[in-house]
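Asks: quick one: sequence plus predicted model below, questions after.
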Amino acid sequence: MEKAIIAKNVTKKYKLYKNTKERLLDLITPKSYGEDFYALADVNFEAEKGDIIGFIGINGSGKSTLSNIIAGIVPETAGTVKVNGQASLIAVSSGLKGDLSGRDNIELKCLMLGFSRDEIKELEPKIIEFAELERFIDQPVKSYSSGMKSRLGFAISVTVDPDILIIDEALSVGDKAFAEKSLNKMKEFKEKGKTMIFVSHSLGQMKEFCEKILWLEYGMVKDFGSVDQVLPKYEEYLREQKKLSKKERDEYREAILKKQLQLVQGIN
Ligand SMILES: Nc1ncnc2c1ncn2[C@@H]1O[C@H](COP(=O)(O)OP(=O)(O)OP(=O)(O)O)[C@@H](O)[C@H]1O
């Protein structure tokens, strides 16, 4: 089987600063300031061409960070991510420039993806039509509602026909009709055998759409396997977490973060 994505020992470290002074001192002095925070710690996984993989995990588990790294928007701190082909990310905050019009954003994104002027001329009307933004396309994107922005982001990403499509919570905004249209487009991609990554808190959508699940917990891979194997375990985990008191939850978190630290220290 041909691999579409190979992620090896991927770690993403952020620095958390208490204030601006700490941030500045860290920049200008040789001494290290701020606290290390690992959004991803030693993540390993592979996607075959045509795989449809759902990323799950509670808030802050690293799903968006991993999606952004695969899409080439955020760099990894350590490890490697090999992507076979062009990846395109659709996210609620899809990197649109607010001061530019919808049309300028289409052109900019297409130019960044390596399309020629002639190709863009051909793609542009299709994108505007899919986004249903004909009347507003020359208005600045900062005047758009979140639904309109998400429609524009979605329309660009699917019309450029990427090899790998990453959809990060993009179906959670906008109206039902557009969500349905988007889901149909994703089904079309599925039939074409495209590789897709799907980030969502909706387990129903995961069941309907994905074949495999990558479960992240505090930046680490907790499980990776078929939907049937992983989702029931995750549902049980959510039920158990709900039963815990705040103190028990904090203790659990501390234990996991200790494991995380051992993991990153082991590979550094
Ligand atoms: N630029 C940043 N600086 C510092 N910390 C960050 C930055 N971006 C993300 N993080 C932190 O990294 C962790 C993982 O965030 P991420 O958005 O990847 O999680 P997520 O699983 O997508 O969460 P959610 O389900 O809430 O969308 C979080 O604790 C977040 O606060």
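Replies: Thanks, I have it.
Asks: pLDDT below threshold where in the stretch 1-150 of the chain?
Replies: 92-94 (pLDDT under 70).
Asks: now the stretch 151-268 of the chain
Replies: Residues of the stretch 151-268 of the chain meeting the criterion pLDDT under 70: 170-174, 267-268.
Asks: and Asn68, what element?
Replies: Taking DSSP states H and E as the criterion, Asn68 maps to helix 63-70.
Asks: okay, buried residues for that helix please.
Replies: Across helix 63-70, burial judged by 16 or more other CB atoms under 10 Å covers 63-70. Using the backbone N, CA and C atoms, a C-beta is placed for each residue, glycine as well.
Asks: near the ligand, from the residues you listed?
Replies: With the criterion set as CB under 6 Å from any ligand atom, the members of the buried residues of helix 63-70 near the ligand are 63-65.
Asks: for the stretch 51-200 of the chain, what spans make up the strands?
Replies: Ranges of strands in the stretch 51-200 of the chain, per DSSP state E, counting those that start in this stretch, are 52-56, 78-83, 87-91, 164-168, 195-199.
Asks: now these in JSON lines, with distance to the ligand and mean neighbour count?
Replies: Shown next, in JSON lines, are the strands of the stretch 51-200 of the chain (distance: least, CB to the nearest ligand atom, whole Å; neighbours: other CB atoms under 10 Å):
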{"stretch": "strand 52-56", "distance to the ligand": "8", "mean neighbour count": "24"}
{"stretch": "strand 78-83", "distance to the ligand": "15", "mean neighbour count": "16"}
{"stretch": "strand 87-91", "distance to the ligand": "10", "mean neighbour count": "23"}
{"stretch": "strand 164-168", "distance to the ligand": "8", "mean neighbour count": "25"}
{"stretch": "strand 195-199", "distance to the ligand": "7", "mean neighbour count": "24"}
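Asks: for Pro30, which of the ones you listed is the nearest?
Replies: Proximity to Pro30, assessed across these by CB to CB, is greatest for strand 78-83 (21.3 Å).
Asks: off-centre distance for that closest one?
Replies: Chain-centre distance of strand 78-83: 15 Å, with CA atoms, centre = their mean, to the nearest Å.
Asks: partner strands of that strand, with direction?
Replies: Sheet partners assigned to strand 78-83 using DSSP bridges are listed as strand 3-16 (antiparallel).
Asks: list the contacts of Asn68.
Replies: Neighbour list for Asn68: 74, 89 [criterion: CB atoms under 8 Å, 6 or more residues apart in numbering].
Asks: longest helix anywhere in this structure?
Replies: Using DSSP state H, we find that the single longest helix of the chain is helix 246-267.
Asks: got the phi and psi for Tyr218?
Replies: Here is the backbone geometry of Tyr218 (degrees, to the nearest 10): phi 40, psi 50.
Asks: isn't it up against Asn59?
Replies: No. Contact criterion CB atoms under 8 Å: Tyr218 and Asn59 do not qualify, at 10.9 Å.
Asks: where's the nearest residue to Ser101 once chain neighbours are set aside relative to Ala131, distance?
Replies: In space, Ser101 comes closest to Asp138 once its chain neighbours are excluded; the distance is 4.9 Å by CB to CB, 6 or more residues apart in numbering. Separation of Asp138 from Ala131 (CB to CB, to the nearest Å): 13 Å.
Asks: Thr29 now?
Replies: To Ala131, Thr29 is 48 Å away according to CB to CB.
Asks: ok, these two, which is more surrounded?
Replies: Neighbours were counted for Thr29 and for Ala131 using other CB atoms under 10 Å; Ala131 has more, 23 against 9.
Asks: need the contact list for that one.
Replies: Ala131 sits next to 102, 137, 148, 151-152, 154-156 when contact means CB under 8 Å, 6+ apart.
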